[in-house]
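S.K.: here is my input; please provide its structure:
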Amino acid sequence: MWVFINGISEECSARELTKMVNRLAMPGWSFFKEKVKAVEITRSKVLKLKFNKTQEWEIHGLVFIDPSESAHEMIGRLNAASQMGRRLRAHPYIHREASRDRRRLMLDKAHRYPGDRRREDRRRISLASQVVDAFNLS
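M.R.: Sure thing, here's the model as predicted:
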C-alpha cells in the first residue's frame with residue numbers, strides 16, 4: 001500500500017525517507033513499544049507539488065509498505081513522529097486516473113442538472129507535480 005507523507009524537509013532524499021520509516025517500524029531502543037511485524041519498504045519517492053495559483057512548492061513523500069495490513073499501524077506511527085522539528089502527517093495514497101473515473105458513466109447517461117455540484121469533476125487541475133528522487137529496493 002502506498003502511504004503519502006506530508007511534512008518532510010526539503011533536504012530529505014528517498015533513501016533517507018526509507019530509513020526513517022524503517023526506524024519507526026523497528027524501534028530497537030524502546031522496550032515498551034511493540035515492533036511492527038514483517039514490514040518491508042520496497043519503494044519510496046520524494047515529490048514536489050506546485051499550486052499554480054500561489055506558485056508555492058510543497059515537498060511530500062510516497063512510501064510503498066508491504067504487507068498492506070501493517071501499513072495502517074505504520075500510518076499511526078508516522079502521524080506521531082516528527083522530523084527536524086516538523087510534525088509528519090500520513091495517510092493512504094490512492095492513485096486516480098481520468099480514464100478510470102466512475103462519474104463519467106453517470107455524466108454520459110444522465111441529463112445534466114445545472115445545480116448538481118456532485119457530478120462535476122473536483123480534481124485539482126491547477127496542481128503540478130514532479131518526482132524529485134526515487135529509491136527502489138528490488
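
S.K.: going forward, measure contacts and count neighbours with C-alpha atoms only.
M.R.: OK.

S.K.: which helix or strand in the chain has the lowest average pLDDT?
M.R.: Taking mean pLDDT, DSSP states H and E as the measure, helix 103-109 is the helix or strand of the chain with the lowest mean score, a mean of 58.

S.K.: any idea of the mean pLDDT for the helix or strand that that helix is followed by?
M.R.: Towards the C-terminus, the helix or strand next in line after helix 103-109, according to DSSP states H and E, is strand 127-136. What strand 127-136 shows for mean pLDDT is 76.

S.K.: walk me through which strands strand 127-136 pairs with, and which way each runs.
M.R.: Looking at strand 127-136 with DSSP bridges, its partner strands are strand 40-51 (antiparallel).

S.K.: correct me, but Ile41 touches Leu62?
M.R.: No - applying Cα atoms under 8 Å as the test, Ile41 and Leu62 come out as separate, 10.7 Å apart.

S.K.: residue contacts, the closest residue to Pro92 other than its chain neighbours?
M.R.: Excluding the flanking residues, the one nearest Pro92 by Cα to Cα, 6 or more residues apart in numbering is Val3, at 4.6 Å. Remark: with contacts taken as Cα atoms under 8 Å, 6 or more residues apart in numbering, Val3 is in contact with 62-65, 71, 75, 90-93.

S.K.: in CSV, list these along with secondary structure.
M.R.: Formatted as CSV, the contacts of Val3 follow (DSSP: H, G, I helix; E, B strand; the rest coil):
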residue, secondary structure
Leu62, strand
Val63, strand
Phe64, strand
Ile65, strand
Ala71, helix
Ile75, helix
Ala90, strand
His91, strand
Pro92, strand
Tyr93, coil
